[in-house]
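[1] Here is my input, please return the structure:
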Amino acid sequence: MLAQSEGNYAEALQNYYEATRLEIDPYDQIYVLYNIGFIHTSNGEHIKALEYYLRAIERDPFLPLAINNMAVICHYRGE
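    Predicted structure coming up:
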């Protein structure tokens, strides 16, 4: 998360992608997926962001941050 907080999104994405393979705690897995979606949103990669938000929501259907961000993206895209 340090890389993300410092604005180094490329490094943060690499770390999060690796965490998707290594993280075993289901709760932490949700937030890894959410953070990947958030970075893709920040980079304007909305389709990728939606994919990762959806993967997070599949694990926790009541994840308000992901649900909100998906709604914002859909509104922005006119969907």
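
[2] and the gap between the nearest residue to S42 once chain neighbours are set aside and Y27?
    Leaving aside its sequence neighbours, S42 sits nearest to Y9 (C-beta to C-beta, 6 or more residues apart in numbering; 6.5 Å). Backbone N, C-alpha and C define where each C-beta goes, glycine included. Between Y9 and Y27 the computed distance is 23 Å (C-beta to C-beta, to the nearest Å).

[3] before we move on, the earlier item: check contacts around the residue nearest to S42.
    Taking C-beta atoms under 8 Å, 6 or more residues apart in numbering as the criterion, Y9 is in contact with 3, 39, 42-43.

[4] could you point out which element follows the helix or strand of the chain with the lowest mean pLDDT?
    Sorting the helices and strands of the chain by mean pLDDT, DSSP states H and E puts helix 2-5 at the bottom, at a mean of 69. Where DSSP states H and E defines the elements, the next helix or strand beyond helix 2-5 is helix 9-22.

[5] now the angle from whichever helix or strand comes after that next one to helix 9-22?
    Next along the chain after helix 9-22, taking DSSP H and E as the criterion, comes helix 26-42. Interaxial angle, helix 26-42 versus helix 9-22 (axes from the mean of the first three to the mean of the last three C-alpha atoms, to 10 degrees): 150 degrees.
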